[in-house]
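Novice: return a 3D structure for these sequence lines:
(one chain, ligands or ions: 1)
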Amino acid sequence: MKNRWVGKPCYYCGNPSVGLEHAPPAHMFKGFTCDKIRVPSCLVHNSSKSQHDQDVVAALLTPFRSSEGLQPINPKVQLAVERAKESFQRSKHRAIETPFISNKPSDMQHLPNVAYMSTESMFSWIRQLTAAIFYDGLKRYVAEVDWERMIIRSPNWVARKGPFDLASFEEAGKIFRQNQELRDLFDEEQWEPGWSAHPKPYPTEIYNFWLSVGYDDGIGIKHQFYGNFDWYTWFSAPRNEVTAFRKVVRTGMSG
Ligand SMILES: [Zn+2]
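Specialist: Okay, the predicted model is just below:
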């Protein structure tokens, strides 16, 4: 089963593959019996044996775990939190739990903790996921796409190592407002629903994606994790590839 992936161009860099990569990584679906989107990958662009996937999952789930009992949580996300118990432990030095605001006033006690993670670590993970979805749409590697030049934005991402204190509360408010403006701007684009794993799809509460393919050379992929965290990505591809990808998007399936 695994052998048919070996030697094919890697979804990300085109080098000969040594196996397959799940998109998103299988780690995200612990506890669920869904299928996975799979793409051929070289050793460098295969995260299945690395710690990285656990770190990202732990970072994304930290706000849910820290608000357990304080706010209602979707049952499927709750299950994901329970299945990630070991990851929280293993990843605690790379997905560092921190309050969003230190010395929270009493009316903000419900604010969940967040997790700090290095921007490069998070962004490279998003970059690879986007490349994998693009590969899965076309079922082939496109050498002309420069993945390192991808634009990545998330209204849920604050690049900051520690908590805001009350003195820097203004700053936090400013970031929230900017993030909201960012979301409004992106949502003006026309987003088409993406596809899923086949035949058993991903639980949409865990992962979902949308696509925006215009008539120039730009492609947008919006990822959503745990029904809550949106990551917008934009990249350029040759026109003929954009046209081919648009057909895939319009027919609603990856073939
Ligand atoms: Zn590679």
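Novice: nearest residue to whichever residue of the stretch 151-255 of the chain sits closest to the ion in space, please, no chain neighbours.
Specialist: Closest approach of the stretch 151-255 of the chain to the ion (Cβ to the ion) occurs at F235, with a separation of 16.3 Å. From N, CA and C alone the C-beta is placed, and that goes for glycine too. With Cβ to Cβ, 6 or more residues apart in numbering as the measure, M150 is the residue that lies nearest to F235, at 4.4 Å, once sequence neighbours are left out.
Novice: pLDDT value on the one you found, please?
Specialist: Among the per-residue scores, M150 shows a pLDDT of 96.
Novice: so it versus P40, what's the distance?
Specialist: Taking Cβ to Cβ, to the nearest Å as the measure, M150 and P40 are separated by 20 Å.
Novice: then A26?
Specialist: Distance from A26 to P40, counting by Cβ to Cβ: 16 Å.
Novice: more crowded one of those two?
Specialist: Legend: neighbour count by other Cβ atoms under 10 Å for A26 and P40, higher for P40 (24 against 16).
Novice: next one: the helix or strand where the more buried one lies, is it in contact with the ion?
Specialist: Counting by DSSP states H and E, the element that carries P40 is strand 37-41. No: residues of strand 37-41 contacting the ion under Cβ under 5 Å from the ion: none, with a closest distance of 5.8 Å.
Novice: packing partners for that strand?
Specialist: Secondary-structure packing of strand 37-41 (3 or more Cβ pairs under 8 Å, 6 or more residues apart in numbering; DSSP states H and E): strand 19-23, helix 119-138.
Novice: returning to that earlier point: could you say which helix or strand holds the residue of the stretch 151-255 of the chain closest to the ion?
Specialist: Secondary structure here is read from DSSP H and E; on that basis F235 sits in strand 229-236.
Novice: tally of neighbours for N240?
Specialist: N240 has 10 neighbours, counted by other Cβ under 10 Å.
Novice: swap in R250?
Specialist: 10.
Novice: so how far is I151 from the nearest residue to it once chain neighbours are set aside?
Specialist: Distances taken as Cβ to Cβ, 6+ apart place E192 nearest to R250, at 7.3 Å, with adjacent residues excluded. Using Cβ to Cβ, E192 is found at 19 Å from I151.
Novice: cool, thanks, signing off.
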